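Chemist: Below is the sequence, then the predicted model.
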Amino acid sequence: MKKFSYLRRTRITKRGYDVTVTVLFKIFLAFLFGVVIGFNIKDLMIRTCSSIAPRKPISYGVAKLDLMLSPKFTELPEKFLTNIPPENATFAFTLRPWKYVARHKTNKSQYFMTFLVKSAAWLSLRRFFVRKTWGSVDTINGHRFGLIFIVGSTTNEEQQKLLEQENAMYGDILQCDVIDDYINLPRKVLSAFQWVTYEGGNISDYYVTTDDDCSINIPTSYDYFVTNKTQKLEYLHCGYIYDKDNKPVRNPKSKYGMPPSIYPYAAYPTFCHGGMTVMSYTILRDLYMTSQVTNYANFHLEDVLITGILREKKYNSSKMVVPKGYNGWGGSIRRNELLVWHMGTARRLDVAFEARWRRICSGLRILFVDDTLFGKQPSAAWLNATLRGVPSLPGKTLTETMFEFGGKWKQLRRSRVGAKEVVVRTVAEEKEEEKHVE
């Protein structure tokens, strides 16, 4: 009987059963009441927030969301695909490369390569470094090379006069009416494309965009692009870095930061990094014309925009963008040699330019005789090259001329109009000037 006492103590009486059901029913009603009140509060909060800051929901659709997450490029955002009303000759030019044009008219021969060097008005020292080294080559085996520096607008009359003095001596500056900063770099490069399209004309086999802190390996570039020339003119060549499925940088503090509002997808189209891009006149003209009907406002990455987005919109194919050595192509000499060296991180750019120039010369076994280069590649044909003369100021050497221009630019950039500084100088620009001006 003892073992059943537990059961007797836990047995539920009729009255106890009624109490238990009543408690459970009350709990259920409380839960139901809480759910109803919760949904009403949520609805009230949504209505209140919507009335304070009404926003139209953004719907990309399932396919667009996939593109925003996909690690590989598939198509361009609708913003770039949609055409806008075309604009013709949107840029104006203050200075033109008169010697480049005159040389073509005098010789009545096609340029083999024209280098469009991205610079800035105040970076005169870099332009001199280029003119003294690889930019001094005029011809190789009778193939002529052209040199044009692309710069933007100046901020006062004194700066403009100094730039005009430089162009009067060298005739290799194309100045457009674009603010000279990184954000406007795409517009500055496209302004040069406009000048080539409407004024310069089809007077060069290849057009090469590069930077003023790059050194072009002229002999290797000549050898590479003179070989299989007919086929190579149909492609856009990445002389520096070929990039496929590159992801946008979303950090707003980064120089390369790209917000989703400007480019929402997770991958860029295939493009060439800005150190060196080689194209024919036809491709250059097509890219410029495409830019005229494309809304690229606030897109500041010039290489991605021009060789990636505009190229993809025009040709709808990444196969025409190729790296060096594509399809087994190569020259007869120095097949593994770089086409360009980027020296932006060098402590002394003048020393870096000279070192690269000496390397080219020593590798070619070049002898300087009356401004003519006679170079011989190891186990290869001779390369005969002529140099352009680089004028200097009266009574001064070229080095003295270079640093006189550099010193004047340094003074002008520190000048003031009343209490207002003419140019907002960054820490990086200050350090850059201190590197080269003694």
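Modeler: Great, that's in hand. All values reported here derive from a predicted model rather than from experimental measurement. Numbering: from 1, shown residues only.
Chemist: From now on I want contacts and neighbour counts done on CA atoms only, so please keep to that.
Modeler: Fine.
Chemist: how far away is Lys410 from Phe271?
Modeler: In this view, Lys410 and Phe271 are 36 Å apart by CA to CA, to the nearest Å.
Chemist: Ile179 now?
Modeler: From Ile179 to Phe271 the distance is 25 Å (CA to CA).
Chemist: More neighbours: which of those two?
Modeler: Neighbour totals were compared for Ile179 and Phe271, and Phe271 leads with 29 against 17 (other CA atoms under 10 Å).
Chemist: Might you report the residue contacts of Gln160?
Modeler: Thr154 (CA atoms under 8 Å, 6 or more residues apart in numbering).
Chemist: Tell me the secondary structure at it.
Modeler: Counting by DSSP: H, G, I helix; E, B strand; the rest coil, the backbone at Gln160 sits in helix.
Chemist: And it, what's its pLDDT?
Modeler: With respect to pLDDT, Gln160 scores 95.
Chemist: And Gln411, by the same measure?
Modeler: Predicted confidence (pLDDT) for Gln411: 89.
Chemist: okay, now Gly200: neighbour count?
Modeler: 16.
Chemist: Touching, it and Val101? I think so.
Modeler: Yes. Using CA atoms under 8 Å, Gly200 is in contact with Val101, at 7.4 Å.
Chemist: From Gln160, how far out is the closest residue to Gly146 other than its chain neighbours?
Modeler: Leaving aside its chain neighbours, Gly146 sits nearest to Thr114 (4.3 Å; criterion: CA to CA, 6 or more residues apart in numbering). To Gln160, Thr114 is 25 Å away according to CA to CA.
Chemist: Quick one: list the elements packing against the longest strand along the chain.
Modeler: Longest among the strand segments of the chain by residue count, using DSSP state E, is strand 143-153. If you count contacts as 3 or more CA pairs under 8 Å, 6 or more residues apart in numbering; DSSP states H and E, strand 143-153 packs onto helix 98-107, strand 111-118, strand 137-140, strand 173-179, helix 185-195.
Chemist: Any chance you could list what contacts it?
Modeler: Residues contacting strand 143-153 (CA under 8 Å, 6+ apart): 97, 100, 110-121, 127, 135, 137-139, 172-180, 188-189, 192.
Chemist: Not counting stretch 83-93 itself, show me its contacts.
Modeler: Contacts for stretch 83-93 (CA under 8 Å, 6+ apart): Leu174, Gln175, Cys176, Asp177, Val178, Ser191, Gln194, Gln292, Val293, Thr294, Asn295.
Chemist: burial measure for Phe28, as a count.
Modeler: Phe28, neighbours per other CA under 10 Å, totals 12.
Chemist: returning to that earlier point: distance from the longest strand of the chain to the middle of the chain?
Modeler: 17 Å (CA atoms, centre = their mean, to the nearest Å).
Chemist: can you give me the angle that strand makes with helix 98-107?
Modeler: Angle of strand 143-153 versus helix 98-107, following axes from the mean of the first three to the mean of the last three CA atoms, to 10 degrees, is 150 degrees.
Chemist: Which neighbours in the sheet does strand 143-153 have, and how are they oriented?
Modeler: strand 111-118 (parallel), strand 137-140 (antiparallel), strand 173-179 (parallel) (DSSP bridges).
Chemist: can you tell me which of the ones you listed the model trusts least?
Modeler: strand 137-140 (a mean of 91).
Chemist: neighbouring contacts of it?
Modeler: By CA under 8 Å, 6+ apart, strand 137-140 touches Arg144, Phe145, Gly146, Ile218, Pro219, Tyr222, Leu383, Asn384, Ala385, Thr386, Leu387, Arg388.
Chemist: Dump that strand to PDB, keeping only the CA atoms.
Modeler: Provided in PDB are the C-alpha atoms of strand 137-140 (Å, rounded to 0.1, in the frame of the first residue of the first chain):
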ATOM      1  CA  VAL A 137      63.200  59.000 -79.000                       C
ATOM      2  CA  ASP A 138      62.000  60.400 -82.300                       C
ATOM      3  CA  THR A 139      62.300  57.400 -84.600                       C
ATOM      4  CA  ILE A 140      63.300  53.700 -84.500                       C
END
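Chemist: next one: it to chain centre, how far?
Modeler: With CA atoms, centre = their mean, you get 28 Å for strand 137-140.
Chemist: cool, and stretch 276-296?
Modeler: For stretch 276-296, the distance to the chain centre is 14 Å (CA atoms, centre = their mean).
Chemist: Name the residues that touch it?
Modeler: 79-88, 190, 193-194, 196-197, 202, 204-211, 233-241, 305-306, 310-311, 313-314, 340.
Chemist: what residues are up against Leu236?
Modeler: With CA under 8 Å, 6+ apart, Leu236 has these contacts: Thr277, Val278, Met279, Ser280, Ile283, Thr307, Met320, Val321, Val322.
Chemist: Among the residues you listed, which lie within strands?
Modeler: Using DSSP E, the contacts of Leu236 in strands are Thr277, Val278, Met279, Val321, Val322.
Chemist: out of those, who's nearest Lys26?
Modeler: Val321 (73.3 Å; CA to CA).
Chemist: from memory the closest one sits against Tyr235, does it?
Modeler: Yes. Judged on CA under 8 Å, Val321 makes contact with Tyr235 at a distance of 6.1 Å.
Chemist: Looking at the two, which one has more neighbours?
Modeler: It is Val321, of Val321 and Tyr235, that has more neighbours when counted by other CA under 10 Å, with 24 against 17.
Chemist: Give me the pLDDT for that one.
Modeler: 94.
Chemist: Just list the residues touching it, thanks.
Modeler: Tyr235, Leu236, His237, Cys238, Thr270, Phe271, Cys272.
Chemist: still on that earlier bit, would a markdown table of the helices and strands packed on strand 143-153 with distance to Gly328 be doable?
Modeler: Formatted as a markdown table, the helices and strands packed on strand 143-153 follow (distance: least, CA to CA, whole Å):
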| stretch | distance to Gly328 |
| --- | --- |
| helix 98-107 | 33 |
| strand 111-118 | 22 |
| strand 137-140 | 24 |
| strand 173-179 | 36 |
| helix 185-195 | 30 |
